[in-house]
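Colleague: Show me how the following folds:
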Amino acid sequence: MGDLIMSAPAIRALKETFGAKITVLTSSMAKGIIKHMPEIDDAIIYDLPWVKTAEAPDPSKFNEIIGQLREQNFDAAVVFTVFSQNPLPTAMLAYLSGIPRILAYCRENPYHLITDWVPDKEPYELIKHQVRRDLDLVASVGAYTDHEDLLLSVDHELQPVIAQKLTDKGFDINYPWLILHAGVSEEKRQYPADRWVALGQELVKKGYQVLLTGSASEKPLTDELQNKIGTGSLSAGGMFSLSEFITLISIAPMLVSVNTGTIHIAAAVKTPTVILYAQTNPQHTPWNSPNQILEFSVPENLRSKNEIIRHLGSSIYKDFKAIPSVTEILKAIDTLKVKAYSL
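Modeller: Down below sits the predicted model:
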């Protein structure tokens, strides 16, 4: 989901420059965010076998997706990748679907597979933010936009619904509050639970109400944290739909989160965010929004097996970075408050 949100400015550039109708091919994990992205006209949902998905893909469906793409007679395909991904499988899918122009970064010479080839120099010669990487890709074919921020549509009519759900649980957003978001899909990006508890307790002492958000599957975690933080906190795991969650983030005074899709939602609605950022990939920090980033090293046993990502461990991430302390997070929150109020 986060990757698709970060591709929005580049998709916008294509739409504005060429007047293109945009169809995205994306996974079921990103399906829910599409209706909140005004740049997208249509979507094809398919879990490709070379993309991380919640369930194993069905190989028998592969020829069906080729047929579906071929029927729609697309003029061009743009393959957005992070620098550690190989674009060739997706380019082959577009090629087999008869799409005449294919744009992508690629390290290898793709010969006839990618008609508009941009040699990929990341991360060995330079590293760009993912949004800039995508914008530069489409700029190579003449697509630009003056609006490079992330953007998600927010349903403000959901605010009373959200307020009522919280009020029913004894949480009043008319008093100081903020969100803690601890859930993340990968263990290497987790921040220790005992430190979330200590942070929550310190925030309550400072007069904040603490809202612990997460998906339905993350409810056991938010319940555990709430039970240990105690009075002044509320477990909201699974309480909100995605549309409600986007609206909630848009009205939140501040978010403290690990590196997950939630920080890109916050960036799109300009909510100040403190990110407890595991050093996995430097491209995915919040874009054009108020933030404080507190990085920490990934333990050796949890580091990626991807050789391109492992290169980061011997270059920009070679020096050990300790897990941020509660004191450091509280300082970041105070610093961000100043920045947020001065906007």
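
Colleague: Give me the below-cutoff pLDDT ranges for this protein.
Modeller: 338-343 (pLDDT under 70).

Colleague: hmm, try it at 50
Modeller: 341-343 (pLDDT under 50).

Colleague: Look up phi and psi at the closest residue to Pro176 other than its chain neighbours.
Modeller: Excluding the flanking residues, the one nearest Pro176 by Cβ to Cβ, 6 or more residues apart in numbering is Tyr208, at 5.0 Å. To be clear about C-beta, it is placed using only N, CA and C from the backbone, and glycine gets the same treatment. As for Tyr208, its main-chain torsions (degrees, to the nearest 10) stand at phi -90, psi 150.

Colleague: how much space between Tyr208 and Ser325?
Modeller: Distance, Tyr208 to Ser325, by Cβ to Cβ, to the nearest Å: 18 Å.

Colleague: Pro160 now?
Modeller: Distance, Pro160 to Ser325, using Cβ to Cβ: 39 Å.

Colleague: neighbour-wise, which of these two wins?
Modeller: Neighbours were counted for Pro160 and for Ser325 using other Cβ atoms under 10 Å; Ser325 has more, 13 against 9.

Colleague: three-state assignment of the residue nearest to that one when sequence neighbours are not counted?
Modeller: Once flanking residues are discounted, Ser325 sits nearest to Arg195: 7.8 Å by Cβ to Cβ, 6+ apart. At Arg195 the chain is in helix, as set by DSSP: H, G, I helix; E, B strand; the rest coil.

Colleague: quick revisit: my read is that the residue nearest to Pro176 contacts Ile179, right?
Modeller: No - in this structure, Tyr208 is not within contact of Ile179 by Cβ atoms under 8 Å, at 10.3 Å.

Colleague: As a check, name the ranges of all strands in the stretch 51-200 of the chain.
Modeller: 76-79, 101-106, 116-119, 177-181 (DSSP state E, counting those that start in this stretch).

Colleague: any idea how far the longest one is from the chain center?
Modeller: For strand 101-106, the gap between its own C-alpha mean and the chain's C-alpha mean amounts to 23 Å (Cα atoms, centre = their mean, to the nearest Å).

Colleague: Stretch 73-82 too?
Modeller: 20 Å.

Colleague: That one: which residues count as buried?
Modeller: Phe74, Ala76, Ala77, Val78, Val79, Phe80, Thr81, Val82 (16 or more other Cβ atoms under 10 Å).

Colleague: What of stretch 45-65?
Modeller: Buried-residue list, stretch 45-65, by 16+ other Cβ under 10 Å: Tyr46, Asp47, Leu48, Val51, Pro57, Ile65.

Colleague: which two in these are spaced the farthest apart?
Modeller: Val51 and Ile65 (12.6 Å; Cβ to Cβ).

Colleague: Using TSV, lay out the strands of the stretch 51-200 of the chain together with distance to Ala278.
Modeller: Supplementary listing: the strands of the stretch 51-200 of the chain in TSV, determined by distance: least, Cβ to Cβ, whole Å:
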stretch	distance to Ala278
strand 76-79	27
strand 101-106	24
strand 116-119	29
strand 177-181	14
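
Colleague: Among the ones you listed, show me which one is buried the most.
Modeller: Among those, strand 177-181 has the highest mean neighbour count (mean count of other Cβ atoms under 10 Å), at a mean of 24.

Colleague: in its sheet, what does that one sit against?
Modeller: Paired strands of strand 177-181, with direction, are strand 209-214 (parallel), strand 255-258 (parallel) (DSSP bridges).

Colleague: how about those strands, which one is nearest Leu221?
Modeller: From the strands paired with strand 177-181, taking Cβ to Cβ, the stretch that ends up closest is strand 209-214, at 6.2 Å.

Colleague: Kindly calculate the angle that the host helix or strand of Glu16 makes with strand 101-106.
Modeller: Per DSSP states H and E: Glu16 is located in helix 8-18. For helix 8-18 against strand 101-106, the angle by axes from the mean of the first three to the mean of the last three Cα atoms, to 10 degrees is 150 degrees.

Colleague: packing partners for helix 8-18?
Modeller: Judged by 3 or more Cβ pairs under 8 Å, 6 or more residues apart in numbering; DSSP states H and E, helix 8-18 is in contact with helix 130-139.

Colleague: Pretty sure Ile329 sits against Ser257.
Modeller: No - at 11.1 Å, Ile329 and Ser257 do not qualify as touching, with contact defined as Cβ under 8 Å.

Colleague: could the strands paired with strand 177-181 go into CSV alongside mean neighbour count and distance to Lys270?
Modeller: Putting these into CSV (neighbours: other Cβ atoms under 10 Å; distance: least, Cβ to Cβ, whole Å) gives the following:
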stretch, mean neighbour count, distance to Lys270
strand 209-214, 24, 18
strand 255-258, 25, 11
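
Colleague: Make TSV from those strands and add distance to Asp168 to it.
Modeller: Shown next, in TSV, are the strands paired with strand 177-181 (distance: least, Cβ to Cβ, whole Å):
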stretch	distance to Asp168
strand 209-214	14
strand 255-258	22
